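> this one's sequence-less:
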């Protein structure tokens, strides 16, 4: 979602009233704002008309009065404003555009084309497997160094292993020189799939978000995976996944990427891709999706892991 017209400070105040009330008549809007802003009724009506012209506010006539309602959520408007700010801060020049992606920031033509080619191939698979059809192209920012990326993500003292991320619905990526253990293509695919999964279900559990992204981007090396399985196989239980931290650093320390990868693999192997899609959209509905209760599901997962990955012990 992109706003073609900037929202002024005054218009934000009007929008906040509409988001609070969901629907609102002009009279109700005037009552809500006149004590705070001291605007005249004519001024408030003018702001409503401007927001309607920007396609941010809709209205319908009920009797002799008009009822106004927001056409976009607060989150959508905030994200669009953040994208506009980032374009100004990091350089608004579009370096490369394809069917589903737009690249900004550092202009490394050969690298951007590689990333775009990889993401477009992934898009074909992910959009089909997860029934994902976005309304707009995905923005990607390539940073000149890791410090700039950490600063943009609010991680001034972030660990060295964080070289990609997504925030404000934008993908952020370090230069290729910072990637020594995984490919830059795998890293950007991982964060893009996180963005996709969150878009499908904003309430998705953190472990499932990471598990699907790890499984689909396939960045785990066999050595890293086997070492993690050797650490956890003998101690996993039906509560292991639920007990994983939601903080990125603790999650990694707990072998969260490797463990959640096995859950996604388990679901696809035992129940099929359709069941994974259903579970992603309704992660509490074990009985209807898997025909077993939650405890039995996790018991079966433990058996699956111990059966398939004991070679790592």
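Nice, thanks for sending it over. What you see is a predicted model, and the numbers here were worked out from it, not measured in a lab.

> use CA for all of it now, contacts and neighbours both
Will do.

> which elements pack onto the lowest-mean-pLDDT helix or strand in the chain?
When the helices and strands of the chain are scored by mean pLDDT, DSSP states H and E, helix 74-90 comes last with a mean of 74. The criterion is 3 or more CA pairs under 8 Å, 6 or more residues apart in numbering; DSSP states H and E, and there are no helices or strands that helix 74-90 contacts.

> where along the stretch 1-150 of the chain do the strands fall?
With DSSP state E, counting those that start in this stretch as the criterion, the stretch 1-150 of the chain has strands at 24-25, 57-62, 65-70, 96-97, 101-105, 138-142.

> what strands line up against the fourth one, and which way round?
Right, strand 96-97. When sheet partners are counted by DSSP bridges, strand 96-97 sits next to strand 101-105 (antiparallel).

> can you check the third one too?
Within its sheet, and counting by DSSP bridges, strand 65-70 is paired with strand 24-25 (antiparallel), strand 57-62 (antiparallel).

> repeat for the last one
According to DSSP bridges, strand 138-142 forms sheet pairs with strand 101-105 (parallel), strand 170-173 (parallel).

> and it with helix 74-90, angle?
If you take axes from the mean of the first three to the mean of the last three CA atoms, to 10 degrees, strand 138-142 sits at 30 degrees to helix 74-90.

> outside of strand 138-142, which residues touch it?
100-107, 169-175 (CA atoms under 8 Å, 6 or more residues apart in numbering).

> highest neighbour count among those residues?
Counting neighbours by other CA atoms under 10 Å, the top entry in these is residue 173, with 28 neighbours.

> quick one: low-confidence parts of the stretch 151-300 of the chain?
For the stretch 151-300 of the chain, applying pLDDT under 70 flags no range at all.

> please go through this protein and pick out the longest helix.
helix 109-129 (DSSP state H).

> now that one: buried residues?
Within helix 109-129, the residues scored as buried using 16 or more other CA atoms under 10 Å are 112, 115-116, 119-120, 122-123, 126.

> now do stretch 38-55
Using 16+ other CA under 10 Å as the test for burial, stretch 38-55 gives 44-45, 47-48, 51-52.

> and if you look at stretch 276-296?
For stretch 276-296, by 16+ other CA under 10 Å, it's 276-281, 283, 285-286, 289-290.

> could you work out the end-to-end span of that stretch for me?
17 Å (CA to CA, to the nearest Å).

> residues in contact with stretch 186-202: which ones?
With contact meaning CA under 8 Å, 6+ apart, stretch 186-202 is reached by 115, 118-119, 122, 132, 163-166, 169, 171-173, 204, 209-210, 212-214, 216-219, 280-281.

> restricted to helices, list those residues.
Judged by DSSP H, those include 115, 118-119, 122, 209-210, 212-214, 216-217, 280-281 as members of helices.

> need the max-distance pair from the residues you listed.
Farthest-apart pair in the ones in helices among the contacts of stretch 186-202 is 115 and 281; separation 28.5 Å (CA to CA).

> ranking the strands paired with strand 65-70 by burial, who's on top?
strand 24-25 (a mean of 19; mean count of other CA atoms under 10 Å).

> got the contact list for it?
18, 65-69.

> report the buried members of those residues.
Neighbour-count burial (16+ other CA under 10 Å) applied to these gives 18, 67-69.

> please, which helix or strand holds the residue lying closest to residue 309 once chain neighbours are set aside?
Sequence neighbours aside, residue 229 is the residue nearest to residue 309 in space, at 6.8 Å (criterion: CA to CA, 6 or more residues apart in numbering). Using DSSP states H and E, residue 229 sits in helix 222-232.
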